[in-house]
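**Student:** sequence unknown, structure follows:
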């Protein structure tokens, strides 16, 4: 995974899978349960969790690159 395009491709796969499985499920619950400002807050929280998971995968892949070097 030394080539940045390899890592970006893996991140694209991870982001797509997580967005479909986790983000879609959580957003549908928010849409069904919350209204008004609560809905906006919950959607923002879902987005923050989504990006934190992606950041965790990015650091994991960076660690694999460091071990390989």
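**Tutor:** Sure thing, it's come through. It should be emphasised that the depicted structure is a prediction, and the values quoted were computed from it without experimental measurement.

**Student:** how far is the longest helix seen in the chain from where the chain is centred?
**Tutor:** Counting residues, the longest helix found in the chain (DSSP state H) is helix 37-68. Relative to the centre of its chain, helix 37-68 is centred 5 Å away, using C-alpha atoms, centre = their mean, to the nearest Å.

**Student:** what sits against the residue most central in space within the chain?
**Tutor:** The residue lying closest to the centre of the chain (C-alpha atoms, centre = their mean) is residue 50, at 3.4 Å. Going by C-beta atoms under 8 Å, 6 or more residues apart in numbering, residue 50 touches 18-19, 22-23. C-beta here means a position set from N, CA and C on the backbone, and glycine is covered the same way.

**Student:** Residue 61: which of those residues is nearest?
**Tutor:** Comparing the contacts of residue 50 against residue 61 with C-beta to C-beta places residue 18 closest, at 14.3 Å.

**Student:** State the number of residues packed around the nearest residue to the closest one once chain neighbours are set aside.
**Tutor:** Among residues not flanking residue 18 along the chain, residue 53 sits closest, at 5.9 Å (C-beta to C-beta, 6 or more residues apart in numbering). Look at residue 53: counted by other C-beta atoms under 10 Å, it has 16 neighbours.

**Student:** Read off the pLDDT value for residue 53.
**Tutor:** For residue 53, the model assigns a pLDDT of 84.

**Student:** for the helix or strand containing residue 7, packing partners?
**Tutor:** Residue 7 is located in helix 4-18, with elements delineated by DSSP states H and E. Judged by 3 or more C-beta pairs under 8 Å, 6 or more residues apart in numbering; DSSP states H and E, helix 4-18 is in contact with helix 37-68.
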